[in-house]
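*Asks:* Below are the sequence and a predicted model for it; my questions follow.
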Amino acid sequence: MQTIGVFTSGGDAAGMNACLRAVVRTALREGLRVIGIHRGYVGLLAGEFVAMDHASVSNIIQFGGTILKTGRCDDFYRPEGRAAGARKLADAGIEGLIAIGGDGTFRGAHALWEEHKVPIIGIPATIDNDVYGTDATIGFDSAVNAALDAIDRIRDTATSHDRLFFVEVMGRQAGFIALMVGAAGGAEMILVPELEADTQQIYDTIMAGVEQGKTSSIIVVAEGDEEGGALELARKVRQLGPIESRATILGHIQRGGNPTAQDRILASELGAAAVRALVEGDADKMVGRVDNRIVRTPLRDTWEKKKPFDQDLYDLARALAL
Ligand code: F6P
């Protein structure tokens with residue numbers, strides 16, 4: 001293998017740049033040519049390729065976002081789209097690919113391998129952490145810390161006004177961000193898609209807190225929670241009793257900003273590991289870190305197997321908040 005391509009795809013995650021730096025510099029040291037592909041699968045289909053050298057990734061380890069830009073691409077869900085993508089790669093002489101993204105990215109990568117035998121290695125990067133085969137995805141820790149900073153600020157105003165706040169965090173259909181932020185922020189309640197809690201239970205928990213002398217509370221809500229988002233929950237709880245509440249949706253604030261040290265290190269390790277996997281002739285795998293060891297997981301497992309929800313941490317957070 002002489003030439004590899006690399007791209008970032010799906011929602012951006014802080015640490016993607018640190019990962020690109022590791023991929024490019026490791027590959028160059030292995031004597032490979034590196035082509036950067038802009039905007040994920042969108043740029044792959046449009047042939048948006050750029051040669052990358054040592055200087056292309058200088059001074060980016062500290063920045064959020066991704067210098068290659070990113071995108072979500074419906075065409076790549078179709079076989080014709082992937083066939084067109086494989087042709088573009090062949091025309092550019094790209095013999096192996098490194099895909100940095102989440103489960104949507106890996107589904108496309110796996111199909112590209114199955115249908116066209118393009119050797120491809122995935123690197124998990126999404127704030128959601130909803131990928132099996134790695135304890136943490138790149139960007140998760142940064143998103144948690146961004147959300148935590150916001151929660152600490154909200155706590156100040158909640159305490160001053162004796163108010164209840166519903167704070168909605170991202171995470172798609174998973175509650176990993178909500179759990180970490182809630183536990184670290186001392187939230188009175190954490191609502192996640194993995195566990196059921198109806199509005200009456202939420203109301204009763206708030207009232208139990210009031211009886212104990214709590215004058216303000218923070219409830220962290222995962223965006224995928226079945227009872228509804230922060231606004232909807234605040235409305236429903238208000239119908240059950242006279243509780244003054246406010247709702248805050250943190251939104252894309254969680255995606256931007258400089259990556260934490262943890263994310264930069266993880267990104268560097270996984271970037272280097274992905275290049276090694278390609279050089280060794282491996283394909284259709286994702287590199288991840290589990291129990292402080294770098295492991296390779298078949299791409300299909302990364303979305304078919306479910307990363308376990310940390311019930312112990314949830315129970316601890318709940319016990320300490322009561
Ligand atoms: O997957 C990352 C993520 O930020 C999710 O947490 C969220 O549901 C989604 O992307 C938002 O997507 P978009 O930026 O396209 O609105």
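*Replies:* Everything's here; your move.

*Asks:* What segments of this protein are strands?
*Replies:* Counting by DSSP state E, one finds strands in the chain at the ranges 3-8, 33-37, 49-52, 96-101, 120-124, 164-169, 189-191, 217-222, 245-249, 285-290, 293-298.

*Asks:* So which bits of the stretch 201-322 of the chain are right by the ligand?
*Replies:* Glu223, Arg255 (Cβ under 6 Å from any ligand atom). Yep, even glycine has a C-beta here, placed from its N, CA and C like the rest.

*Asks:* So which residues of the stretch 201-322 of the chain form helices?
*Replies:* Here the stretch 201-322 of the chain has its helices, by DSSP state H, counting those that start in this stretch, at 230-240, 261-279, 299-304, 311-321.

*Asks:* Mean neighbour count, the strands of the chain: which tops it?
*Replies:* strand 120-124 (a mean of 31; mean count of other Cβ atoms under 10 Å).

*Asks:* Tell me which residues are up against that strand.
*Replies:* 19, 23, 96-102, 105-106, 109-110, 112-113, 131, 133-134, 137-138, 270-271, 274, 277-278, 282-288, 299, 302 (Cβ atoms under 8 Å, 6 or more residues apart in numbering).

*Asks:* In contact with Leu322, which residues?
*Replies:* Leu322 sits next to Ala208, Gly209, Gln212 when contact means Cβ under 8 Å, 6+ apart.

*Asks:* contacting residues for the first one?
*Replies:* Shown here is Ala208, whose contacts under the criterion Cβ under 8 Å, 6+ apart are Leu322.

*Asks:* Can you read off the pLDDT for it?
*Replies:* Looking at Ala208, its pLDDT reads 93.

*Asks:* what does the stretch 1-150 of the chain put close to the ligand?
*Replies:* Proximity of the stretch 1-150 of the chain to the ligand (Cβ under 6 Å from any ligand atom) is limited to residues Gly11, Gly102, Thr126, Ile127, Asp128.

*Asks:* starting at the chain centroid, how far to stretch 237-251?
*Replies:* Offset of stretch 237-251 from its chain centre (Cα atoms, centre = their mean, to the nearest Å): 27 Å.

*Asks:* Kindly check the end-to-end length of that stretch for me.
*Replies:* Start-to-end span of stretch 237-251 (Cα to Cα, to the nearest Å) is 22 Å.

*Asks:* Skipping its backbone neighbours, what lies nearest Lys214 in space?
*Replies:* Computed as Cβ to Cβ, 6 or more residues apart in numbering, the closest residue to Lys214 that is not its neighbour in sequence is Glu188, at 7.1 Å.

*Asks:* mind listing what's buried in the longest helix along the chain?
*Replies:* Determined from DSSP state H, the single longest helix within the chain is helix 140-161. Across helix 140-161, burial judged by 16 or more other Cβ atoms under 10 Å covers 140-148, 150-151, 154-155, 158.

*Asks:* nearest to Met180, of these?
*Replies:* Nearest to Met180 out of the buried residues of helix 140-161 is Val144 (Cβ to Cβ; 4.6 Å).

*Asks:* how about that closest one, what does it touch?
*Replies:* Taking Cβ under 8 Å, 6+ apart, one finds Ile177, Met180, Val181, Ala184 in contact with Val144.

*Asks:* What sits closest to it if chain neighbours are left out?
*Replies:* Val144's closest residue in space is Met180 (Cβ to Cβ, 6+ apart), at 4.6 Å.
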